[in-house]
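>>> this one's structure only:
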């Protein structure tokens, strides 16, 4: 996000789409629970996730798919299992981006995003 010469906000559409998908992935309570569980175990296979959290396998897979597509988790194969770990670089970048956006709004109260 930046301002152009007319003091208007200019947003890169591609970056906005990517950011929207990441924030949408993070906004779901079950996906946050999955991320916390994976973080707690460093790496964990999908069977342990749905058995320990008492979730249906299909629901677990659907939510992990969204986390994979946004690259918030990194899947690797370990024999016949897929194991997941949190992509801390991607998650950290998302946190920094949100923090910068909020700081920008706080520093420039005249910045009108509704126009």
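Perfect, I can see it now. Given the structure is predicted, the values throughout are model-derived calculations rather than measurements. Numbering: from 1, shown residues only.
>>> can you pull the buried residues of whichever helix in the chain runs longest?
Ranked by number of residues, the top helix in the chain under DSSP state H is helix 88-107. For helix 88-107, burial by neighbour count (16 or more other CB atoms under 10 Å) applies to 90, 91, 94, 97. In this view, the C-beta of every residue, glycine as well, is placed from N, C-alpha and C.
>>> In contact with the last one: list those residues for me.
Residue 97 is in contact with residue 19, counting by CB atoms under 8 Å, 6 or more residues apart in numbering.
>>> Residue 81 now?
When contacts are counted by CB under 8 Å, 6+ apart, residue 81 touches 45, 46, 47.
>>> Sort out which of these are in strands and list them.
The strands, defined by DSSP state E, take in residue 45 from these.
>>> The spatially most central residue of the chain: helix or strand, and which one exactly?
Centre of the chain computed as the mean C-alpha position; nearest residue by CA atoms, centre = their mean is residue 22, 3.9 Å away. In this assignment (DSSP states H and E), residue 22 forms part of helix 13-26.
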